[in-house]
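> Model the following, please.
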Amino acid sequence: MNDYDSIDNDKKQVLKNQLIKNATLIGGKNHFLSLIESIRMARPHPLLAKDASFRFNKGSIKWGKVIFKDKVNLLMSMANDSNMILMPERGDSNYKIIRNLMNTISPIKFEVKPKNIKDGNGFTFEFVEKIDTKNCQLSFMFEVLFVLPIKSVKKIYVGQ
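Residues are numbered from 1 along each chain as shown. So this is what the prediction gives:
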């Protein structure tokens, strides 16, 4: 999502609507931004949690599988380089490492729940979205929660 400004207005509106919908499902914009800030301040990285969950003052996120440090480091370095994860050609020095990463994270789903049921029912999202057999990208909600700077998230939220 490094190129948000180059996205056409229709796609920006779709992303904004998805963000607003999910924020509403956990109690609104302030709860959502509180979640993102909690994730950014957490040390060690929340994805390294041994119980595959992260709690913040307004709710929690749970996912189906523990992710080890080497996978999180690789994932974050790839996410910061580009929003597209490309499977390298067979024989490439990183082929096996990236293939193992994709096999590890592809089936993982995240469940975000507010602490108070009155705030909403929460939402779920997947780790990656497959484009075709060789390409996939991190899901939009994963990028919003774990990768993008809060300034960018706010920009998407207001639709600029």
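> Quick one: find the helix or strand in this structure with the lowest mean pLDDT.
The helix or strand with the lowest mean pLDDT-type score in the chain, counting by mean pLDDT, DSSP states H and E, is strand 84-86 (a mean of 61).
> Beyond that strand, next helix or strand please.
Moving toward the C-terminus from strand 84-86, the first helix or strand encountered (DSSP states H and E) is helix 95-105.
> for the residue lying closest to residue 97 once chain neighbours are set aside, what are its contacts?
The spatially closest residue to residue 97, leaving aside those adjacent along the chain, is residue 74, at 6.8 Å (Cβ to Cβ, 6 or more residues apart in numbering). Quick note: C-beta positions are derived from backbone N, CA and C, even for glycine. Taking Cβ atoms under 8 Å, 6 or more residues apart in numbering as the criterion, residue 74 is in contact with 97, 98, 101.
> What about those residues, which one has the most neighbours?
Neighbour tally across these (other Cβ atoms under 10 Å): the maximum, 20 neighbours, falls on residue 101.
> Give me the pLDDT for it.
Residue 101 is assigned 83 on the pLDDT scale.
> That one against residue 73, yeah?
No - using Cβ atoms under 8 Å as the test, residue 101 is too far from residue 73 to be in contact (10.4 Å).
> Just give me the neighbour total for residue 64.
Residue neighbour count, defined by other Cβ under 10 Å, stands at 11 for residue 64.
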